[in-house]
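Peer 1: Here you go, sequence then predicted model.
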Amino acid sequence: MTVSRALRDDGSVSPATRARIMKIVARMNYVPDQSAGTLATKRSGFVATLVPSLNNSHFAESVQTLSDEVESIGLQLLLGHTAYSTAREEQLVESMLKRRPEVIVLPFDGHSPRTNRLLKQANVPVIEQWEIPSKPIDYTVGFSNREAARRMAAALIERGYRNIAFVSEEDDAWTRGAARRAGFEQAMLEAGLSTSHMVRYGKPPMTIEHGYEVGSAFKRYFNSVDCVFCVSDAPAFGVLSAFKSQNIRVPEDIAVVGFGNFEVSRFSSPAISTVEVDAKGIGRETGRLICRLLGGNEDPSPIVRHTPVDVQLRWRESTL
């Protein structure tokens, strides 16, 4: 019994005794059976975390920061990759819930009806990230993609741009992209400007290649446009590269704007103006929320349902 308590490190075994036990455990190369511990304590010790992309640096930064936060209370992450698929998300949610996670963390990209039901009936805290759903399941950490895009579009209008195109996916499967497009349209309509320059191209997420293909068709899409606002930095870089290959000057002939503040926007030539998203902040605030929900934080203030993470407009060389 003493050995079992020492392995669980529940504080009931003296440090000296536990040190002797752990020394023997290490010499024997013994690995405790965590599943047995889960049954005994009814604690799994992990946070189920879903990400839509393994190539997106924002998700990598957010997950790393989240991991650092929850490790402070002895939790680990179990990561699932949805590939922007609602069907895949549904499968992963069902699979992970069978493992009894302490918390489930996932981006809000528009869940399937069944995923919504599974999460609402899960009896564990659910944290939705990267957006503010109109009907959150439990807790949210993030920002309004619609409002962020509206702010950027309104700022472009203030700078004198009038014929602005918006480049996004050809369908609304990625709801955060659709929200950004809606925010752009809102700003244009509020200013009494046309929203006729809406370019829908490619499946989500839009890539550099998608942007390059769109930018290569300049006369088709952008002949009367003074600024191109892309749904993310990847297609913005592709558009910029295509314009350069056609000797179209940025920003003198046409401006280019992205969303996300990825490295590609900071180190392109010219550097791309963009909406900066605090990926580490989302991971950090999610981790802190988990610590509070599971009793690992002594902060006495009430736990709020939504934790906002701010975004900033970053002006660079691709706009005047």
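Peer 2: The structure has been received and is ready for your questions.
Peer 1: Domain ranges for this protein, per the record?
Peer 2: The chain breaks down into these domains under automatic domain parsing: 1-32, 40-143+280-310, 145-277.
Peer 1: so which of those gets nearest residue 317?
Peer 2: domain 145-277 (3.3 Å; Cβ to Cβ). Where you see a C-beta, it was placed from the backbone N, CA and C, and this is true even at glycine.
Peer 1: Name the nearest residue to residue 233, sequence neighbours excluded.
Peer 2: Leaving aside its chain neighbours, residue 233 sits nearest to residue 258 (3.7 Å; criterion: Cβ to Cβ, 6 or more residues apart in numbering).
Peer 1: If you could redo that for residue 207, that was the one I meant.
Peer 2: Here the residue nearest residue 207, using Cβ to Cβ, 6+ apart, is residue 234, at 5.5 Å.
Peer 1: residues near that neighbour, how many?
Peer 2: Close neighbours of residue 234, defined as other Cβ atoms under 10 Å, add up to 24.
Peer 1: Then it would be within a strand, right?
Peer 2: No. When DSSP: H, G, I helix; E, B strand; the rest coil is applied, residue 234 is found to be helix, with no strand at that position.
Peer 1: any weak-confidence spans in the stretch 151-300 of the chain?
Peer 2: Scanning the stretch 151-300 of the chain for pLDDT under 70 picks out the ranges 296-298.
Peer 1: in its sheet, what does the strand or helix carrying residue 105 sit against?
Peer 2: Assessed by DSSP states H and E, residue 105 sits inside strand 103-107. Strand pairing for strand 103-107, using DSSP bridges, gives strand 46-51 (parallel), strand 126-129 (parallel).
Peer 1: Can you list the neighbours in contact with it?
Peer 2: 47-52, 66, 82, 89, 93, 96-97, 119, 122, 124-131, 176, 286, 290, 293-294 (Cβ atoms under 8 Å, 6 or more residues apart in numbering).
Peer 1: ditto for stretch 173-184
Peer 2: In contact with stretch 173-184 (Cβ under 8 Å, 6+ apart) are residues 84, 86, 107-110, 130-131, 144-153, 164, 166, 168-169, 172, 195, 198, 203-206, 229, 231-232, 259.
Peer 1: Tabulate the CA atom coordinates of that stretch in CSV.
Peer 2: Extracted in CSV, the C-alpha atoms of stretch 173-184 (Å, rounded to 0.1, in the frame of the first residue of the first chain):
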residue,chain,number,x,y,z
ALA,A,173,-16.9,24.6,-43.9
TRP,A,174,-14.4,26.7,-41.9
THR,A,175,-16.7,28.9,-39.8
ARG,A,176,-13.9,31.2,-38.6
GLY,A,177,-13.1,32.1,-42.2
ALA,A,178,-16.8,32.7,-42.8
ALA,A,179,-16.9,35.0,-39.8
ARG,A,180,-14.0,37.0,-41.1
ARG,A,181,-15.7,37.4,-44.5
ALA,A,182,-18.9,38.6,-42.7
GLY,A,183,-16.9,41.1,-40.7
PHE,A,184,-15.3,42.5,-43.9
